[in-house]
Structure formats: structure tokens, C-alpha cells
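*Asks:* Structure here, sequence nowhere to be found:
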Ligand SMILES: NC(=O)c1ccc[n+]([C@@H]2O[C@H](COP(=O)([O-])OP(=O)(O)OC[C@H]3O[C@@H](n4cnc5c(N)ncnc54)[C@H](O)[C@@H]3O)[C@@H](O)[C@H]2O)c1
Ligand SMILES: N[C@H](CO)Cc1c[nH]c[nH+]1
Ligand SMILES: [Zn+2]
């Protein structure tokens, strides 16, 4: 991984910081065609793309009860137990996000906010380079806590036309209703428009690669989406007190997800930067996903040297990355200065893997700088609010003058009249 000076104005560094070297335009072109095809040709198009991208021919996409039963039989008990521990931790954190409505009552009138769950949601669970049972829990549990009735999950099948066993186990233990073997942009399009086999949903949530994230962005408006949760990112903010071996390991943990994953270090210590480089070269050969990691490091990785640690914080806030790890002398104080990040991990014993699998916080997080305005997936993503207003005749008579004044000011005379007519004699 290359060392850059933060003052370096090179295109390569700017692109890494802004994530603008992701192949956005090429991917968008492909994804638009896929969405249109699925919209016009439904299951047939889904089947064709599944053959093309996942290498399997499927006519029926839904997972059967027998497949769920078999998945339970073939999954190691220690995996099921670990999923149950993670589930409990996720529930403990997310239950506090529940939102209740409220009502403001006065004589002869009330205003109210009613909170209701979204009826039907589609969870996208990645399944290309790896299967993510932990992501099933992260997406399904907040939906169930919110009270969503129809929780539909899609994930790409493997070459045998099957879904990884632990994904099905995770789906069952977290309360998913139906699972379909379809992924990528074709899966997102199927959820957005519906096909004869795959139900149209009200909202699509969940992370995925660039094809998935782009498809979600393009169908947003037809259906709701949670956020852009694309190729994953970590920024590690570290000073000379940090352990370079831990940092090297954490950078590789992120990069193994995807060759488009971004792993960046920000430090004021040249000596640390060089030690990280040498730790990477010592650890990389033991990595089963070495090829993916090297590709990601090469294009989307960087160690950036700043003058002061405050400069590092300024760059993090500009990048607004999905994850930030802080390994400095006073990591809690340092972390308080970070205003734009999906999730923050503090100190040398909180690698991001703690959040991925155990802590209970959600690992579906905004990427590509969208943490400037977007948040981690939560129960709130599965709720919607409706306002209710009741006014009696007396209440309306008190409001009449204000409404008429504002309506006339806006030139909306019918609005004013719809109030005044109610006070005319004979009405
Ligand atoms: N941001 C988050 O919260 C979060 C959480 C977990 C995972 N992730 C990310 O999810 C992603 C998982 O990616 P993945 O690839 O393993 O699984 P995936 O399920 O997201 O994507 C696989 C699908 O991509 C489609 N695809 C692949 N190549 C294509 C091509 N050339 N043209 C059109 N479609 C193509 C195929 O349909 C395939 O089934 C990673 O980027 C990882 O970083 C993000
Ligand atoms: N780090 C990924 C993006 O937040 C989530 C994940 C799932 N499994 C392991 N890691
Ligand atoms: Zn991860």
C-alpha cells in the first residue's frame, strides 16, 4: 500500500479520498439495461441474468421448506449458536430505536403522529464473493422489531442453484418470511417492479456490490430504499502509539470483501506508516483472499501522512467513510471530533469485526461519502409516519382568519373559500 503526503495533489490520491475512481458510469449503463429488461420480461429476464452472472439455470426462485430443513441439518451447531448470540446483541441495541407516535390534544381538536410499520420489505443479502449470514440478522431483526409483516429476502444462488445453508438458518431464526434465489441488479429490479414469482415490495434495504447499490439508487422513487450501502470502506486514524500489526490486519479484513473496497490510514507518523507497510507484506501471504486484497489495496488503498492529527480528522470528515477506527493516545477524545462516519470503533481492541459480528450495532452502513447525510440501518428505516388532524367547528372558527390570510397571500382563493364556506348561513 502506497504512502502519500496529505498535501499531495495527485489525481490518484484525490480519487481515493473522494471514491471517484469507482467505475460508476460503466456500472450504471449495465444496470439500467438489466432493470429495463426485468421490468419488461419479468422472470425470464431474471432467469437469464442469473445464468449469466451466477452460472446457474433456475426456473423457480423461491427457497422451499425442505431446503430450509436441510440447511438446519447441515449447519454446524456452533454456527447456529454464534448466530443466536449475535441476534440477541442486535436485538438489545435495536429495540431501543422503537418509535411511538404522539397526540397533542386541546379542547375540540387534536393533532397526532401515528407510526406504522412498512407493509412489505425486500432485504438484499450479498452472496457473490462470500455469503453473509450476519447481514441477514442485521437487516431482518430491525424489520421484525418495527413490526413489518412481509419480510422478503433475496440473495444470489451459487453455481449449484443453492443458497448457502447458514444464510437460510439466519433467515429462519430472524423471522424472514420468504427467500428467493436471485441477486444483483436483476434481483433489485424484481423487488421494485414485481414478477410473477417475486413480490413487489414497498422498500428495499441491504448492502451489496456496485451493481446492487446502483440498482437500488435507480429504482429509488419506485420503491423506498434505505441508503447507498455499496463496496465497503474503512479509514484508520492512528498516531505513533498505535500497533502497526493490528492496523495491517484491519486493513486486510476490510479489503477481503471486494476488490473495490477502500482501506485507508491517516497518520502523522512516517515511522508507523512504514511499519504498516512491512506488516502488510508479512501478513498478506497467509490471507486466503490475497488476490482480492491486493487488488483493493492497489486501486483504493492509501496510507496518508498528515502534519497534525487534527488534519487527519479534517480529512476523515471530508471523506465521510462507512467505518472509522481510531487508534491514538486518547482515542475517545479523538473520536468525538469525527462528525461524518457510518460507525466509529475506538481503541486497539475494537477492530471493525466486533461491529460486523458481535457488538449489536448495525453493520449495514452508508458508503461513498453518503455518511454526510445518511445513517446506519435501524428500526426507523422500517417505519413510516402519518399525521392526523381533527378540528371541530369552534376550532376551525379560531383558525379561519389565519388560514384565509395565508391562502389569499398565496393566491389560492379556493383554499380560503373551503374554510369560509363552512361558516356561511345555512351550512
Ligand atoms: N455497506 C455495507 O453495509 C456492506 C455490508 C456487507 C457487505 N457489503 C458489500 O457488499 C458487497 C458484496 O459483494 P458481492 O459481489 O460479494 O455480492 P453481491 O451479492 O452484492 O453481488 C453479486 C451479484 O453482482 C452481480 N454482478 C457481478 N458482476 C456483474 C457484472 N459484471 N455485471 C452485472 N452484474 C454483476 C451478479 O448479479 C451477482 O449475483 C461488497 O462490496 C461488500 O463490501 C457492504
Ligand atoms: N464489513 C461489512 C460492511 O459493513 C459487513 C460484514 C459482514 N460480514 C462481515 N463484514
Ligand atoms: Zn466486514
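*Replies:* That came through fine. Please read all numbers here as calculations on a predicted model, not as lab measurements. Ligands and ions are numbered 1, 2, ... in the order given.

*Asks:* which helices and strands does the helix or strand hosting residue 83 pack with?
*Replies:* Using DSSP states H and E, residue 83 sits in helix 77-94. On a contact count with 3 or more Cβ pairs under 8 Å, 6 or more residues apart in numbering; DSSP states H and E, helix 77-94 meets helix 133-146, helix 165-174. Bear in mind the C-beta positions are built from the backbone N, C-alpha and C, glycine included.

*Asks:* Turn these into JSON lines, including mean neighbour count, distance to residue 18 and mean pLDDT.
*Replies:* Converted to JSON lines, the helices and strands packed on helix 77-94 look like this (neighbours: other Cβ atoms under 10 Å; distance: least, Cβ to Cβ, whole Å; pLDDT from 0 to 100):
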{"stretch": "helix 133-146", "mean neighbour count": "26", "distance to residue 18": "26", "mean pLDDT": "98"}
{"stretch": "helix 165-174", "mean neighbour count": "24", "distance to residue 18": "34", "mean pLDDT": "97"}
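
*Asks:* Any chance of those helices in a markdown table with distance to residue 73 as columns?
*Replies:* Listed next are the helices and strands packed on helix 77-94 as a markdown table, based on distance: least, Cβ to Cβ, whole Å:
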| stretch | distance to residue 73 |
| --- | --- |
| helix 133-146 | 16 |
| helix 165-174 | 9 |
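
*Asks:* how about these, which one is nearest ligand 2?
*Replies:* helix 133-146 (4.7 Å; Cβ to the nearest ligand atom).

*Asks:* rewinding a little: what mean pLDDT does the following helix or strand past the helix holding residue 83 get?
*Replies:* Next in sequence after helix 77-94, counting helices and strands by DSSP H and E, comes strand 102-106. Per-residue pLDDT over strand 102-106 has a mean of 97.

*Asks:* Now do strand 102-106: everything it contacts.
*Replies:* 110-113, 395 (Cβ atoms under 8 Å, 6 or more residues apart in numbering).

*Asks:* The residue in the chain that ligand 2 sits nearest to: what's its closest spatial neighbour, skipping adjacent residues?
*Replies:* Nearest residue of the chain to ligand 2: residue 356, at 3.6 Å (Cβ to the nearest ligand atom). For residue 356, ignoring the flanking residues on the chain, the nearest one in space by Cβ to Cβ, 6 or more residues apart in numbering is residue 363 at 5.0 Å.

*Asks:* neighbours around the one you found, how many?
*Replies:* 26 (other Cβ atoms under 10 Å).

*Asks:* so it sits right up against residue 138, yeah?
*Replies:* Yes. In this structure residue 363 lies within contact range of residue 138 using Cβ atoms under 8 Å: 5.2 Å.

*Asks:* what comes into contact with the helix holding residue 83?
*Replies:* For helix 77-94, the surrounding residues in contact (Cβ under 8 Å, 6+ apart) are 72, 133-134, 137-138, 141-142, 145, 166, 169-170, 173-174, 357-362, 378-379.

*Asks:* re earlier: who wins for neighbours among the contacts of strand 102-106?
*Replies:* residue 395 (16 neighbours).

*Asks:* I'd like to know how far the residue lying closest to that residue once chain neighbours are set aside sits from residue 392.
*Replies:* The spatial neighbour of residue 395 that comes closest, neighbours along the chain excluded (Cβ to Cβ, 6+ apart), is residue 109 at 4.0 Å. Distance of residue 109 to residue 392, computed by Cβ to Cβ, to the nearest Å: 6 Å.

*Asks:* For the nearest residue to residue 146 once chain neighbours are set aside, give me its contacts.
*Replies:* Spatial nearest neighbour of residue 146, chain neighbours left out: residue 382 (3.5 Å); criterion: Cβ to Cβ, 6+ apart. By Cβ under 8 Å, 6+ apart, the contact list for residue 382 reads 117-118, 121, 142-143, 145-148, 203, 205.

*Asks:* confidence score at residue 382?
*Replies:* 98.

*Asks:* can you check residue 10 too?
*Replies:* pLDDT at residue 10 comes out at 86.

*Asks:* wait, doesn't it sit right on residue 17?
*Replies:* No. Using Cβ under 8 Å, residue 10 and residue 17 do not qualify as a contacting pair, with a distance of 10.7 Å.

*Asks:* Which one's more surrounded, these two?
*Replies:* residue 17 (22 against 10).

*Asks:* Residue 204 belongs to a strand?
*Replies:* Yes. Residue 204: assigned to a strand according to DSSP: H, G, I helix; E, B strand; the rest coil.

*Asks:* Can you give me the distance of it to residue 19?
*Replies:* Counting by Cβ to Cβ, the gap from residue 204 to residue 19 is 22 Å.

*Asks:* Of those two, give the one with the bigger neighbour count.
*Replies:* With neighbours defined as other Cβ under 10 Å, residue 204 and residue 19 compare such that residue 204 has more, 26 against 21.

*Asks:* ok, and the closest non-adjacent residue to that one?
*Replies:* Residue 204 sits nearest to residue 122 (Cβ to Cβ, 6+ apart), 4.6 Å away.
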